[in-house]
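Peer 1: need a structure here:
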Amino acid sequence: MKILLACSSGGHLTQALALKEWWNAHERCWATFPVEDARSRLAEEKVYEIHYPTVRNLPNLARNFALARRVLRAERPDVVFSTGAAIALPFFAQAHRFGARTVYLEPVDRITSPGLSGRLVYPFADEFLVQWESMRKFYPGSRHVGVVL
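Peer 2: Residues are numbered from 1 along each chain as shown. Coordinates of the predicted model:
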């Protein structure tokens, strides 16, 4: 299985890295911010750097849709996995065109209300995972997996 992990740096990346036991057993690549935090933590990984900033930056959102299309075409992952945030949308919206399933893990800090990224990618997610049972009411059909950190 080939995995594309698309996530922001910082806490989103920390949550994805916490799942190393899972993703380390598979061929993989990453899409994340071009910042030192991500570069140093993913130094041994294949990484595509996305256009940053992404939050409410429409020109970069458009650039990231084009970048996601190129990466998905080149890598042909079986699964696109994300812990958020905004970078998930361009990859999830196009993943099915390239034969990939999508799995989203709502960030651990979303306890009582859904985040913008989660709300945006929910319609594109084959599997939507939440870390708190309280979040299932916002995402019908989601699966509670507990806290990953």
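Peer 1: sec struct for Arg63, please.
Peer 2: Classification of Arg63 using DSSP: H, G, I helix; E, B strand; the rest coil returns helix.
Peer 1: The nearest residue to Tyr52 once chain neighbours are set aside and Ile3, how far apart?
Peer 2: The shortest distance from Tyr52 to any non-neighbouring residue, by CB to CB, 6 or more residues apart in numbering, is to Phe33 (4.7 Å). In short, each C-beta sits where N, CA and C put it, glycine included. To Ile3, Phe33 is 19 Å away according to CB to CB, to the nearest Å.
Peer 1: try Tyr122
Peer 2: Counting by CB to CB - Tyr122 and Ile3 are separated by 20 Å.
Peer 1: where along this structure do the helices fall?
Peer 2: 11-17, 20-23, 36-41, 58-75, 88-95, 116-121 (DSSP state H).
Peer 1: which stretch among those helices comes nearest Val130?
Peer 2: With CB to CB as the criterion, Val130 lies closest to helix 116-121 of the helices of the chain, at 8.6 Å.
Peer 1: buried stuff in the closest one?
Peer 2: Within helix 116-121, the residues that count as buried by 16 or more other CB atoms under 10 Å are Ser117, Gly118, Leu120, Val121.
Peer 1: Let me have those in JSON lines, extended by distance to Trp22 and pLDDT.
Peer 2: Formatted as JSON lines, the buried residues of helix 116-121 follow (distance: CB to CB, whole Å; pLDDT from 0 to 100):
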{"residue": "Ser117", "distance to Trp22": "21", "pLDDT": "92"}
{"residue": "Gly118", "distance to Trp22": "20", "pLDDT": "95"}
{"residue": "Leu120", "distance to Trp22": "24", "pLDDT": "94"}
{"residue": "Val121", "distance to Trp22": "19", "pLDDT": "96"}
